[in-house]
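dropping the sequence and predicted coords here.
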Amino acid sequence: IYFSCSPLAGMDDVNGDICRMDFAHPSQVTRLTTSSGLNGEPAEWDEHAHLSPQGDAFIFMSSNGYGPSPYPQIDQLKTDAWIMNADGTGQTRVTYFNQPGSQDSIGEQAIVSDLDWNPDGTAIVMRVQFRFTANPDRIYILPLCRDANSDSACDAAANPYPANAVAVQSDTVGPGDDLLFTSIRHLPSQPPSGQQWYPEVFALDVDTMAYHRLTWMDSQAMRHMALSPDHRKLAMTRIPADTTGDGHLDEMDVQVVWIVDLAAGKAWPLTDAGDSAGPGGVDWLDNETVVFAYRRSGETQFDIAKA
C-alpha cells in the first residue's frame, strides 16, 4: 500500500513523504519522496498519492518549492500536482496554480489536494482549493500528454468545475458517470431550521455535467471516499460529532469509516465511533476489504488497519 507518513525520528508531521509498505513486512517502510526537513532534505508536504492504472506512475500533491504550513493552520500552504515514476524517480510538477502569470493561476493561493486517475491513465482529476474566491473548491480535469521519447505532462489544467468539492474520484458507477465528488453546492440551498447541510457524494457525467446524489447522510460531515473495484460499494469517512469542541465538524474530529452498498441502498459503520479511522483517506484492497489509518480510543498514534 502507499500512504503519506513521517517515518524518521524528529520529522515534523507536516513534512510528510509518500511511502510504500508491503503487508508481508509491515515494519519496512520505503520513502518514495524525501521531504523530511532533516539532514539537508527540504521540508515539504507530500500527500494524496495515487498509482496509475498501468502501475507505472504516481500522481500526488506536494508543497515542493513552497514549503509546509504549520498544521492545522493552512493559511500559508501552497501545493500543486506532481507526477513521478512508480519507484519515486522522475518527479515532475504538472500544475502551476501558484505561479503568477501561469495559465493555471487565478492570482490566488491554491491548494491542490485530493486527486485521481481516469481509467486509462490519460488524465487526472483533482480538487483545488482557493483561499479567497467566491467558489473556493473546484474540480479540474488535466489531460496528460505523452510522446514516444518522454513521459512529459501538460502543464495546464482545463475545464474547472466549481463543485465546492471535499474529495474527488475518477471512476464509473453507472452508464455515463465518469467521476465521484462530495459537495454541499448541489444540495438544497436552505436546510431545515436549526440544521446545517454537510457534504454528500454525487456522481457526475463530465461530458453533460449531469449529476445525481448517491448518499443521504445529512447529519454527519464527510471527508474521504473510495469505490470498490466492482463498483458496488462505497467506503467513506464520516465525522459524527464535534469531538474537539471547536464548534465545527472537521478533520480534527474523530472519524468513522462507513460502507455504502450502492446496489442495495444500505449503509453501515465499519469502525467504532469512539475510535478514529480514515483521516487522510480510505481505499479498497479488494471487493471485501478496505484499508485506512486507525487510532483506538485513548491512543495517540495511528496505525494502518484493514477490515
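That came through fine. Worth saying up front: this structure is predicted, and the values here are computed from it rather than measured. Residues are numbered from 1 along each chain as shown.

nearest residue to the middle of the chain?
With distances taken as CA atoms, centre = their mean, the chain has residue 114 as the residue nearest its mean C-alpha position (2.9 Å).

is that one in contact with residue 128, as I believe?
No - taking contacts as CB atoms under 8 Å, residue 114 lies outside contact range of residue 128: 9.7 Å. C-beta: built from backbone N, CA, C; applies to glycine.

what helices or strands is the lengthiest strand in the chain leaning on?
For the chain, the strand with the greatest residue count under DSSP state E is strand 276-286. Here strand 276-286 touches strand 2-5, strand 221-227, strand 233-239, strand 256-261, strand 289-295, going by 3 or more CB pairs under 8 Å, 6 or more residues apart in numbering; DSSP states H and E.

with just CA atoms, put the second one into CSV.
What follows is strand 221-227, C-alpha atoms only, in CSV (Å, rounded to 0.1, in the frame of the first residue of the first chain):
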residue,chain,number,x,y,z
ALA,A,221,-19.8,15.6,7.8
MET,A,222,-17.9,13.6,5.2
ARG,A,223,-14.2,13.6,4.3
HIS,A,224,-13.0,10.8,2.0
MET,A,225,-14.4,8.1,-0.2
ALA,A,226,-13.3,5.2,-2.4
LEU,A,227,-15.3,3.0,-4.8
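
where does this protein dip in pLDDT?
By pLDDT under 70, the weakly predicted segments of the chain are 68-74, 134-135, 145-177, 185-196, 218.

and the helices and strands packed on strand 276-286 as JSON lines, adding mean neighbour count and distance to residue 85?
As requested, those are exported to JSON lines (neighbours: other CB atoms under 10 Å; distance: least, CB to CB, whole Å):
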{"stretch": "strand 2-5", "mean neighbour count": "20", "distance to residue 85": "13"}
{"stretch": "strand 221-227", "mean neighbour count": "24", "distance to residue 85": "24"}
{"stretch": "strand 233-239", "mean neighbour count": "25", "distance to residue 85": "28"}
{"stretch": "strand 256-261", "mean neighbour count": "20", "distance to residue 85": "31"}
{"stretch": "strand 289-295", "mean neighbour count": "20", "distance to residue 85": "23"}
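
include distance to residue 43 when you put the ones you listed into a markdown table, please.
Below are those laid out as a markdown table (distance: least, CB to CB, whole Å):
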| stretch | distance to residue 43 |
| --- | --- |
| strand 2-5 | 14 |
| strand 221-227 | 25 |
| strand 233-239 | 27 |
| strand 256-261 | 31 |
| strand 289-295 | 22 |
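
report how many residues lie close to residue 216.
For residue 216, the number of neighbouring residues by other CB atoms under 10 Å comes to 10.

I should have written residue 284 there, sorry.
Residues near residue 284, counting by other CB under 10 Å: 18.

contacting residues around it?
226, 227, 228, 229, 235, 290, 291 (CB atoms under 8 Å, 6 or more residues apart in numbering).

for stretch 206-223, which positions count as buried?
206, 211, 214, 215, 217, 220, 221, 222, 223 (16 or more other CB atoms under 10 Å).

first-to-last residue distance for it?
Stretch 206-223 has its terminal residues 22 Å apart, counting by CA to CA, to the nearest Å.

quick one: distance of it to the chain centre.
With CA atoms, centre = their mean, to the nearest Å as the basis, stretch 206-223 stands 16 Å off its chain's centre.
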